[in-house]
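# With the sequence up front, the predicted model follows.
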Amino acid sequence: MARATFYFQGDLNFFLPRHQQGVNFIYQFKERPSIKDTIESLGVPHPEVNSIVVNGKAVDFSYLVRDEDRIVVYPISVTPKIIPTIPLQPPLPKIPRFILDVHLGKLASSLRMLGFDTLYRNDYEDAQIAFVASQDKRIVLTRDKGVLMRNLVIHGYYIRETEPDKQIIEVLKRFNLSNVVQPFQRCIRCNGILTPVAKELIVDQLPQRTKQEIDYFHRCNSCRQIYWQGAHYERMEKFVRQVLFRTREHLSTKTIVKSERNYVFHQLSVNSCS
Ligand SMILES: [Zn+2]
């Protein structure tokens, strides 16, 4: 039986049993398995891995493990001292798009509220998520390691937090998104784009009090949901401000001021009429 030594850096230890966390450990194998399959057999999904160093040299996922290899596996948050590293995934677009698994409905709503193109359905199958992610070049966000281990998934992330209010902050930090949010641009219900609509075109659909008190409206271009600045707006605006504040705690004041202006410019009326 051949033996290799593994060490996993940073938050990749999240996926390992306690006795393998933060230490070198031995992995036994026959023939020469691919390093991608080996890492996944140890419990770490390949989209979580940003670079791999074997015996002091960077390798990609096609590398075949040899007897006595010393292997260090890195997440995106830890940069190896070995240069050059070999990128394991193509670069992400500056404003990424997402697809979420069935456990993450509240996170989907929060991402849409912040303006991110986010696909979510409560009946998605794993294979469907992987296929759509591959076709649309979307990032898979999930609480299911099996989805991330599918070969079609290139970009993906396992959500560590279990509380939705913490999950949105986790995603903004992980993908460095706090400066590209565009709150209240997108339909929370269906992911469509919101555009202004004249009051006279929708007045028949409004509750009596809204008819009297509100003059400016937006409508989803997909499901036709109507939005306005009503009772829920202040609560949602407070939520957005809290999320951005907590996400940016580590950023400079200059950065905050710059994107705060962007946020004020983009804020729209939000309240559903259904
Ligand atoms: Zn909609």
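Okay, I see it.
# what about Val140, how many neighbours?
Applying other CB atoms under 10 Å, we find 27 residues neighbouring Val140. The way it works is simple: take the backbone N, C-alpha and C, and place the C-beta from them, glycine included.
# Confirm for me that Thr195 is in contact with Asn221.
Yes - counting by CB atoms under 8 Å, Thr195 touches Asn221, with 5.8 Å between them.
# the more surrounded of these two?
The neighbour comparison of Thr195 against Asn221 (other CB under 10 Å) goes to Asn221, with 14 against 11.
# residue contacts, that one?
If you count contacts by CB atoms under 8 Å, 6 or more residues apart in numbering, Asn221 has them with Gly192, Ile193, Leu194, Thr195.
# Where does the nearest residue to Leu194 once chain neighbours are set aside sit: helix, strand or coil?
Excluding its sequence neighbours, the residue lying closest to Leu194 (CB to CB, 6 or more residues apart in numbering) is His218, at 4.2 Å. The three-state assignment at His218 reads strand, by DSSP: H, G, I helix; E, B strand; the rest coil.
# And the one 5 residues further on, by the same measure?
In the three-state summary, Cys223 is assigned as coil, counting by three-state DSSP.
# Report the separation between it and the ion.
Here Cys223 is placed at a distance of 3 Å from the ion (CB to the ion, to the nearest Å).
# again with Asp60
The gap separating Asp60 from the ion is 41 Å, by CB to the ion.
# Now that residue: closest residue in space that isn't a chain neighbour?
Distances taken as CB to CB, 6+ apart place Ile86 nearest to Asp60, at 4.8 Å, with adjacent residues excluded.
# element containing the one you found?
Using DSSP states H and E, Ile86 sits within no helix or strand.
# In contact with it, which residues?
Ser51, Ile52, Ala58, Val59, Asp60.
# Hmm, Pro80 and the first one touching each other?
Yes - the criterion here is CB under 8 Å, and Ser51 meets it with Pro80 at 5.6 Å.
# Who has more neighbours out of the two?
Remark: of Ser51 and Pro80, Ser51 carries more neighbours, 22 against 17, as counted by other CB under 10 Å.
# distance of the more buried one from His155?
According to CB to CB, to the nearest Å, Ser51 and His155 sit 15 Å apart.
# picking up where we left off before, out of the contacts of Asn221, grab the one that's most surrounded.
For the contacts of Asn221, the largest number of neighbours (other CB under 10 Å) sits with Leu194, at 23 neighbours.
# would it count as being in a strand?
Yes - counting by three-state DSSP, Leu194 is part of a strand.
# ok, it - contacts?
Leu194 neighbours (CB under 8 Å, 6+ apart): Phe184, Gln185, Arg186, Cys187, His218, Arg219, Cys220, Asn221, Tyr227, Leu268.
# Same check on Thr5?
Asn24, Phe25, Ile26, Tyr27, Asp69, Arg70, Ile71.
# tell me the secondary structure for the closest residue to Val203 other than its chain neighbours?
Leaving aside its sequence neighbours, Val203 sits nearest to Lys211 (CB to CB, 6+ apart; 6.1 Å). Secondary structure, three-state DSSP: Lys211 is helix.
# Can you give me the distance of Lys211 to Leu194?
Distance of Lys211 to Leu194, given as CB to CB: 20 Å.
# How about Pro207?
Using CB to CB, we find Pro207 at a distance of 19 Å from Leu194.
# cool, Asn122 as well?
Distance, Asn122 to Leu194, using CB to CB: 23 Å.
# mind listing what's buried in the host helix or strand of Gln167?
Taking DSSP H and E as the definition, Gln167 sits inside helix 164-174. Buried residues in helix 164-174, counted by 16 or more other CB atoms under 10 Å: Gln167, Ile168, Ile169, Glu170, Val171, Leu172, Lys173, Arg174.
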